[in-house]
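Undergrad: What would the 3D arrangement of this be:
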Amino acid sequence: MRSVPASIIIVHGAFEHIGRYNHLIKQFEADGYRVFGQDLPAQGNSEGIKGHIRSFDQYIERIGEWLKQIDEGPVFLLGHSMGGLAVIRTMQELKPKVNGVILSSPAMGILNGASKPMEAASKILNYLWPSLKVDNQFNPENVTRSEAVRIRDHYDQLILKKVSIRWYKEFQKGIRQAFLKVNQFPEVPILVMQAGEDLMVDVRKTKEWFHKIDLHEKTYKEWPGLYHELFNEPEWKQVYTFTTQFIQQQLLKPLR
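TA: From the prediction side, this is the model:
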């Protein structure tokens, strides 16, 4: 019998911050889970120049630090969008001992990225002026159908308005590495949930990566009609229930 509750580490996505998951955290805690979540480097209230990183590895290192804070009990990693990509890269590089991985609309391909001229210029600017910032593509109307969340995000001062050239190039590099090292993903049960009407990430790329991973237990669930932020959609309680069912299935297995 398990005496220690399962811990869930939530890794938020690009431009945002962990505060946008307060409702999810409260629900997990109400159901008996321990939840860990902080702002990623250069986002929210974290340290550093906002919207600028030197390497995507900073995200991997930070998640690794969070994992070390949990000294007992089952552990699950839940990553959304770019946070999902960061979780994938963490699993590939650090291979932590976790009981399961949950990905919400993972950023395996960016929709409406930089224009071709800007893409070409970014390769040069990444060396000459990596900290140069450009407008991001975060639009509340593109990530959720919830009017309440859209209004809240409109006034949220912690949502990034600009990101650096280096941040953008490292994001792209992270995606390439996730595909190149797909066979280095450890044997850990994974649930990939993808928004059916995603206006931020390329659904085809999510499916492509999912089909490439060779695991004994992997589940793909697409949510028709839902926008990018599954846990901020009007139907988020349904998404939550599906998520906890996956977690409970893993908890039925013998302790490692």
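
Undergrad: When you work out contacts or count neighbours from here on, use the C-alpha atoms and nothing else.
TA: Fine.

Undergrad: can you give me how far stretch 242-251 is from the chain middle?
TA: 18 Å (C-alpha atoms, centre = their mean, to the nearest Å).

Undergrad: for stretch 16-25, same thing?
TA: 12 Å.

Undergrad: List the buried residues of that stretch.
TA: Of all the residues in stretch 16-25, those buried under the rule 16 or more other C-alpha atoms under 10 Å are 16, 17, 18, 19, 20, 21, 24, 25.

Undergrad: do the same with stretch 231-244
TA: 231, 232, 233, 234, 239, 240, 243.

Undergrad: Could you dump these into JSON lines and include pLDDT, secondary structure and distance to residue 103?
TA: Output for the buried residues of stretch 231-244, formatted as JSON lines (pLDDT from 0 to 100; DSSP: H, G, I helix; E, B strand; the rest coil; distance: C-alpha to C-alpha, whole Å):
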{"residue": "231", "pLDDT": "98", "secondary structure": "helix", "distance to residue 103": "11"}
{"residue": "232", "pLDDT": "98", "secondary structure": "helix", "distance to residue 103": "14"}
{"residue": "233", "pLDDT": "98", "secondary structure": "coil", "distance to residue 103": "16"}
{"residue": "234", "pLDDT": "98", "secondary structure": "coil", "distance to residue 103": "19"}
{"residue": "239", "pLDDT": "98", "secondary structure": "helix", "distance to residue 103": "12"}
{"residue": "240", "pLDDT": "98", "secondary structure": "helix", "distance to residue 103": "12"}
{"residue": "243", "pLDDT": "98", "secondary structure": "helix", "distance to residue 103": "10"}
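
Undergrad: Which member of those residues is positioned nearest residue 102?
TA: Relative to residue 102, the closest of the buried residues of stretch 231-244 is residue 243; by C-alpha to C-alpha it sits at 7.6 Å.

Undergrad: who touches that closest one in this structure?
TA: Neighbour list for residue 243: residue 102 [criterion: C-alpha atoms under 8 Å, 6 or more residues apart in numbering].

Undergrad: And it, how close does it get to residue 194?
TA: If you measure residue 243 against residue 194 using C-alpha to C-alpha, to the nearest Å, the figure is 12 Å.

Undergrad: Need the distance between the two termini of stretch 202-221.
TA: Span of stretch 202-221 from end to end, C-alpha to C-alpha: 15 Å.

Undergrad: tell me the mean pLDDT over that stretch?
TA: Throughout stretch 202-221, pLDDT has a mean value of 97.

Undergrad: Closest one to residue 37 out of the buried residues of stretch 16-25, please.
TA: Nearest to residue 37 among those, counting by C-alpha to C-alpha, is residue 18 at 6.3 Å.
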